[in-house]
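Chemist: give me a model of this one.
(2 chains)
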Amino acid sequence: MSSDLLVVQNLRKKFGGLKAVGGDSGLSFQVKEGSFVGMIGPNGAGKSTVFNLISGVLEPTAGRVMLAGTDLANVRSSDIASLSLGRTFQTPRSFLSLSVLDNVLVGAKSSGEELRSVLLGGWRSSEPALVEKAKAALTRVGLEDRVAETVSNLSGGELRMLEVARQLIRDPKILLLDEPTAGVDPSLQGKLSKILVDLHKEGRTLIVVEHNLHFLFSIADQIIVLQQGELLSSGTPPEIKTDPKVVAAYLGDEHAA
Amino acid sequence: MNFEQLLLTVLTYGCLYSVMTVCLNLQYARGGMINFGTVAYFAAGAYAYAIFTQEPPQGLDQYLFGFNAPWWIGFIAAGVASLLFAVITGWPTLRLRGEYLALTTFAFAEVLHSFLLNERRIGNGSVGLSNVDRPDFSVIGLSENYAFVLAAVLLLILTSLLCRRILASPYGRAVDAVRNDEVAAEAIGKDVHRLRFEIFVISAIPIGFAGALYAMITTLVSPDLFTAEVTFFVWIALVLGGEHTIKGVILGTLALVTFEEVVRSLHFETVRAAEIAASVEHMMTGVIFVMILRWQPFTRFATRGREA
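Modeler: Model prediction:
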């Protein structure tokens, strides 16, 4: 039986006077465990802001977010991440002074991040297994030849894949991906699509913000449409494609069934 | 000053200051924290050593505490004092970024300086504490000069090894990640505040030990010795050394100390000659700084072979 893993209730976020998310009434939606949710909407609809509110980068003005029954109010973003939530960013973020391999390795929870373990040297035994795991993640996203390089050598699309690899090694239960295919070439897009389908099959919950609708409609099982920070519509891809409100506001005639 | 004496002085002070630059390198180049109050941790160590090892007050002494403890207890106390001062100053300030942290740490150091200057019951005020106890080196058969060089070199080696051990581990990786991008580091579950705080505190401990050694060598601790000049000196050394590598910052510090000591050891026949030499020294210092920053010899030496 699948239950709601993520519950967003009356969520609102204001930047100064601007109602970025939730309008007056608040944004509410639920995501069932193991589902694949696509989040779409015009530019400025508040999709990334919703991600930032869920992952604790921003604090909501009102409303609440529950993850696996835990209220995330006043929980720090690093602690939310430790609750098995992974996310990528709209503009890829990477650690410039670290190598490609270290950029993935740093995602892993290592005993070597405790000062005691560092001083006593106890972390060394677990490191080779993590390195293998990181290399496997890099192979999965097609960056196996770039392991030893510096991050500055990677292209925009490769940086996105690197972010995905960093999340893969963390093994999160719920993964929030912000425009994962933007700037990614078709062959890598194919790889990414396979990774997302596999992750979904493994029982992970995915929420993906995406403008590439062919990509999203072919793999998602639920679509949430936002407009000006409010929920415009929600349903399965065929329902969304035929929803006149969505067609008028966002899809245009091309995607209409 | 003969050559041997010059070498010993350069090595002793060079290593003591290098301990500070290596720790500063950990805090700034890797941890991303600008600490403009370095001298305060040095002073905390020096004063703690003096207070723990000195005789209880008598006669005209204005200080209240003197525990007459053996040198090694004073030495440990110096590390603990520096650590405590780092905890007190780090806890409320480490949420600050960049220049705000720089200003706050600078202010803390000035407060400590002012406190030591005006509060006679701790360190005898502006007079300071003199005749600071030295360990007895006769048991290992070394003259005091050589023993202090050895102690300073040893402290520098241990500090460098500690920093290397921290930075070459997953811990160092996480610290680098936090400096590169805090938001992204938090998104993979890194506790940014804990990492920054721990790096800040642990790097203060060797600075405290260096302070204790400094107090043993000079046998005097007074507020005059611990001004912001010390902080600026180690920052300049860090910049000369090119940050980022432990070897580089040690070379930068040794070069700066050597330059100062060589200039100080020159003799002049007339006052006029000394005045001219003093002016030339400032110009030379400037030219040398520009040359080092332009060609970065210490950084190149420290990272040679790494690109291949």
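
Chemist: so, low pLDDT: which residues of the stretch 101-250 of chain A?
Modeler: Scanning the stretch 101-250 of chain A for pLDDT under 70 picks out no residues.

Chemist: ranges for the helices of it?
Modeler: A:115-120, A:127-140, A:156-168, A:186-201, A:213-219, A:237-242, A:244-246 (DSSP state H, counting those that start in this stretch).

Chemist: hey, which of the ones you listed is tucked in deepest?
Modeler: Highest mean neighbour count among the helices of the stretch 101-250 of chain A (mean count of other CB atoms under 10 Å in any protein chain shown): helix A:156-168, with a mean of 23. Glycine gets a C-beta too; all of them are placed from N, C-alpha and C.

Chemist: so that helix versus helix A:186-201, what angle?
Modeler: Counting by axes from the mean of the first three to the mean of the last three CA atoms, to 10 degrees, helix A:156-168 lies at 20 degrees to helix A:186-201.

Chemist: how about the residues of chain B by chain A?
Modeler: The interface of chain B toward chain A, taken as CB under 8 Å from any CB of the partner chain, is made up of B:165-166, B:169-171, B:173-174, B:176-177, B:179-181, B:183-192, B:198, B:202.

Chemist: narrow those to those that are buried.
Modeler: Neighbour-count burial (16 or more other CB atoms under 10 Å in any protein chain shown) applied to the residues of chain B next to chain A gives B:166, B:169-171, B:173-174, B:176-177, B:179-180, B:184-192, B:198, B:202.

Chemist: ok now do whichever residue of the stretch 151-300 of chain B sits closest to chain A, which residues does it touch?
Modeler: Ranked by CB to the nearest CB, the top residue of the stretch 151-300 of chain B for proximity to chain A is B:P170, at 3.3 Å. Residues near B:P170 by CB atoms under 8 Å, 6 or more residues apart in numbering or on different chains: A:L105, A:V106, A:A108, A:S110, A:S111, A:G112, A:E113, A:V118, A:W123, A:E127.

Chemist: how much space between it and A:S111?
Modeler: Counting by CB to CB, to the nearest Å, the separation of B:P170 from A:S111 is 8 Å.

Chemist: identify the contacts common to the two.
Modeler: By CB under 8 Å, 6+ apart, B:P170 and A:S111 have these common neighbours: A:W123.

Chemist: where does residue 25 land on pLDDT?
Modeler: I went with chain A, as the question did not name one. Looking at A:S25, its pLDDT reads 85.

Chemist: that answer is for a different chain, and I need it for chain B
Modeler: pLDDT recorded at B:N25 is 93.

Chemist: same question for B:V87.
Modeler: At B:V87, pLDDT is 95.

Chemist: give me the number of residues near the nearest residue to it once chain neighbours are set aside?
Modeler: What sits nearest to B:V87 in space, not counting adjacent residues and going by CB to CB, 6 or more residues apart in numbering or on different chains, is B:V201, at 5.8 Å. Neighbour count for B:V201, taken as other CB atoms under 10 Å in any protein chain shown: 20.

Chemist: quick one: A:D102 and chain B, what's the gap?
Modeler: Distance, A:D102 to chain B, by CB to the nearest CB, to the nearest Å: 6 Å.

Chemist: let me fix that: A:E202
Modeler: 20 Å.

Chemist: next, count neighbours for that residue.
Modeler: For A:E202, the count of nearby residues is 9 (other CB under 10 Å).

Chemist: phi, psi of it?
Modeler: phi -70, psi 0 (degrees, to the nearest 10).

Chemist: quick revisit: the contacts of B:P170 also near chain B: which ones?
Modeler: Answer for the contacts of B:P170 near chain B (CB under 8 Å from any CB): A:L105, A:V106, A:A108, A:S110, A:S111, A:G112, A:E113, A:V118, A:W123, A:E127.

Chemist: top of these by neighbour count?
Modeler: When neighbours are counted by other CB under 10 Å, A:V106 leads the ones next to chain B among the contacts of B:P170 with 27 neighbours.

Chemist: quick one, what contacts that one?
Modeler: A:F95, A:L98, A:R166, B:P170, B:R173, B:A174, B:D176, B:A177, B:A185, B:I188, B:K190.

Chemist: torsion angles phi and psi at the residue nearest to the first one when sequence neighbours are not counted?
Modeler: Spelled out, it's A:F95. Distances taken as CB to CB, 6+ apart put B:N180 closest to A:F95, at 4.1 Å, once the chain neighbours are dropped. In terms of degrees, to the nearest 10, the main-chain angles of B:N180 are phi -60, psi -50.

Chemist: I'd say A:H200 and A:G38 touch.
Modeler: No - counting by CB atoms under 8 Å, A:G38 is not a contact partner of A:H200; they are 11.7 Å apart.

Chemist: re earlier: which of the ones next to chain B among the contacts of B:P170 fall in strands?
Modeler: Using DSSP state E, no member of the ones next to chain B among the contacts of B:P170 sits in strands.

Chemist: for chain A, longest strand please?
Modeler: strand A:4-15.

Chemist: who does that strand pair up with?
Modeler: Applying DSSP bridges, strand A:4-15 is found paired with strand A:18-21 (antiparallel), strand A:27-32 (antiparallel), strand A:62-67 (antiparallel).

Chemist: which stretch among those comes nearest A:S3?
Modeler: strand A:27-32 (6.8 Å; CB to CB).

Chemist: chain neighbours aside, what residue packs nearest to whichever residue of chain A sits closest to chain B?
Modeler: Nearest residue of chain A to chain B, counting by CB to the nearest CB: A:G112, 3.3 Å away. Spatial nearest neighbour of A:G112, chain neighbours left out: A:W123 (2.9 Å); criterion: CB to CB, 6+ apart.

Chemist: can you tell me how far the one you found is from B:G242?
Modeler: From A:W123 over to B:G242 the distance is 29 Å, taken as CB to CB.

Chemist: and the residue of the stretch 151-300 of chain B closest to chain A, what's its pLDDT?
Modeler: The model reports B:P170 with a pLDDT of 94.

Chemist: which ones are touching the closest residue to it other than its chain neighbours?
Modeler: Using CB to CB, 6+ apart and skipping residues adjacent in sequence, the residue nearest B:P170 is A:G112, 3.3 Å away. Going by CB under 8 Å, 6+ apart, A:G112 touches A:V118, A:G122, A:W123, A:R124, A:S126, A:E127, B:S169, B:P170, B:Y171.

Chemist: redo that, cut-off 10 Å
Modeler: A:118, A:121-127, A:130, B:168-174 (CB atoms under 10 Å, 6 or more residues apart in numbering or on different chains).

Chemist: span of stretch A:179-194 from start to end?
Modeler: This stretch, stretch A:179-194, spans 16 Å end to end (CA to CA, to the nearest Å).

Chemist: residue ranges for the helices of chain B, please.
Modeler: Ranges of helices in chain B, per DSSP state H, are B:3-25, B:38-53, B:71-93, B:98-118, B:120-123, B:144-167, B:170-180, B:182-187, B:192-202, B:204-218, B:228-241, B:246-265, B:271-295, B:297-303.

Chemist: out of the ones you listed, which gets nearest to A:L216?
Modeler: Across the helices of chain B, A:L216 has its closest neighbour in helix B:182-187 (22.3 Å, CB to CB).

Chemist: packing partners of the closest one?
Modeler: Judged by 3 or more CB pairs under 10 Å, 6 or more residues apart in numbering or on different chains; DSSP states H and E, helix B:182-187 is in contact with helix A:77-82, strand A:85-87, helix A:156-168, helix B:170-180, helix B:192-202.

Chemist: between the longest one and helix B:170-180, how big is the angle?
Modeler: Looking back up the chat, that one is helix A:156-168. Here helix A:156-168 points in a direction 130 degrees away from that of helix B:170-180 (the same axes, to 10 degrees).

Chemist: okay, the angle between helix A:156-168 and helix A:127-140?
Modeler: Relative orientation of helix A:156-168 versus helix A:127-140 (the same axes, to 10 degrees): 140 degrees.

Chemist: equivalent analysis for the fourth one, please.
Modeler: Helix B:170-180 runs at 50 degrees relative to helix A:127-140, counting by the same axes, to 10 degrees.
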